[in-house]
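A.B. asks: Here is a sequence together with a model predicted from it:
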Amino acid sequence: MPKIIAVTSGKGGTGKSTVCAGLGYTLAKQGHRTLIIELDFGLRCLDIMLGMGGEVNSDLSDVISGKKSALDAITQVKMASNLSILCAPKNPFSTVTVEQIIDICRSVKKYFEFIIIDTGAGINSHVFDIVAQANLILILTTPDPVCIRDANMMSDEFYNRGNKSQRLIINKVTNKIIGSSLVSNLDEIIDTIGVQLIGVIPEDFSLAVSMGKGQAIPTNSDSLRAFDAISKRLQGDYIPLTIKNA
């Protein structure tokens, strides 16, 4: 059975798609057959981030309409042979039901070890219903008071719905903002949201450049090391949070 991981956030701009791409890339590089399903309709970007811009001939709209099976609509990513994507429709007004997502996961699960669901941002019932199908929920936030509060609200609602398998990722962390008047330390973020931390991703200009150009993340970048560590923790490995106090 594949491990279905939903990556979600209470607010846009937290870097959700970047995190999905980074985790998918590192899991694939570690030898795991990985699929990313992009549900952020109207803001389709994973094809660009993973170097497939202009080369994706099928997407989720073909599956929803019945034109293609989910497996036939999946695109193999060139930069990582074990990584595939099912891109969101270009039409921002497209919709997908929870039942359709369940059917898609069921029809392709035997081909993948990990399925990462890139949800739309925001707190709404549709997101909650889709995320409920995941084995693990990754709550994403940045060290920003608004993002932190939204992440806390989202996490609380998941707990209220019985979704207790949650982990926290703090993205875009810099030494400048930690210890500032906005956020005193990372423990303050963790305590406010109330979810166990699984990883911290530093602000990294090289990551932004590589995603914008659709290139592999540089091997010497701090962000790649962070993604690699989180990917191993997802598999149950003990990897010290060496940049927790970054």
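C.D. replies: The structure has been received and is ready for your questions.
A.B. asks: which neighbours does the lengthiest strand in the chain have in its sheet, and in what orientation?
C.D. replies: Using DSSP state E, we find that the single longest strand of the chain is strand 166-173. Here strand 166-173 has these sheet partners by DSSP bridges: strand 136-141 (parallel), strand 197-202 (parallel).
A.B. asks: okay, those in TSV with distance to L43 next?
C.D. replies: Just so you know, the C-beta spots here come from the backbone N, C-alpha and C atoms, and that holds for glycine as well. Shown next, in TSV, are the strands paired with strand 166-173 (distance: least, C-beta to C-beta, whole Å):
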stretch	distance to L43
strand 136-141	15
strand 197-202	20
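A.B. asks: which one of the ones you listed lies closest to K11?
C.D. replies: Across the strands paired with strand 166-173, K11 has its closest neighbour in strand 136-141 (8.1 Å, C-beta to C-beta).
A.B. asks: and the closest one, which residues are buried?
C.D. replies: Residues of strand 136-141 classed as buried: I137, L138, I139, L140, T141 (neighbour count, 16 or more other C-beta atoms under 10 Å).
A.B. asks: I'd like the average pLDDT over it.
C.D. replies: Across strand 136-141, pLDDT averages out at 95.
A.B. asks: Not counting its own residues, what contacts that strand?
C.D. replies: 3-10, 14-16, 19, 131, 147-148, 150-151, 154-155, 158, 163, 165-171, 189, 193, 195, 198, 234 (C-beta atoms under 8 Å, 6 or more residues apart in numbering).
A.B. asks: List buried residues within these.
C.D. replies: By neighbour count, with 16+ other C-beta under 10 Å, those hold 3-10, 14-16, 19, 131, 147-148, 150-151, 154-155, 158, 163, 166-171, 189, 193, 195, 198, 234 as buried.
A.B. asks: can you give me the strands for this protein?
C.D. replies: Counting by DSSP E, the chain has strands at residues 3-8, 34-38, 75-76, 83-86, 114-118, 136-141, 166-173, 197-202.
A.B. asks: Mind putting the ones you listed into CSV with distance to P218?
C.D. replies: Formatted as CSV, these follow (distance: least, C-beta to C-beta, whole Å):
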stretch, distance to P218
strand 3-8, 22
strand 34-38, 20
strand 75-76, 23
strand 83-86, 17
strand 114-118, 22
strand 136-141, 22
strand 166-173, 17
strand 197-202, 13
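A.B. asks: wait, which of these is closest to P92?
C.D. replies: strand 34-38 (12.9 Å).
A.B. asks: could you give the angle of that closest one to strand 114-118?
C.D. replies: Relative orientation of strand 34-38 versus strand 114-118 (axes from the mean of the first three to the mean of the last three C-alpha atoms, to 10 degrees): 20 degrees.
A.B. asks: hmm, who's touching strand 34-38?
C.D. replies: 2, 17, 20-21, 24, 27-28, 44, 46, 60, 74, 82-88, 101, 104-105, 108, 111-118.
A.B. asks: With only the CA atoms kept, save it in PDB.
C.D. replies: Extracted as PDB, the C-alpha positions of strand 34-38 are listed here (Å, rounded to 0.1, in the frame of the first residue of the first chain):
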ATOM      1  CA  THR A  34       6.500   8.700  -6.100                       C
ATOM      2  CA  LEU A  35       3.400  10.400  -7.500                       C
ATOM      3  CA  ILE A  36       2.400  14.000  -6.900                       C
ATOM      4  CA  ILE A  37      -1.200  14.900  -7.500                       C
ATOM      5  CA  GLU A  38      -1.700  18.600  -8.000                       C
END
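A.B. asks: now that strand, how far from the centre of its chain.
C.D. replies: Chain-centre distance of strand 34-38: 9 Å, with C-alpha atoms, centre = their mean, to the nearest Å.
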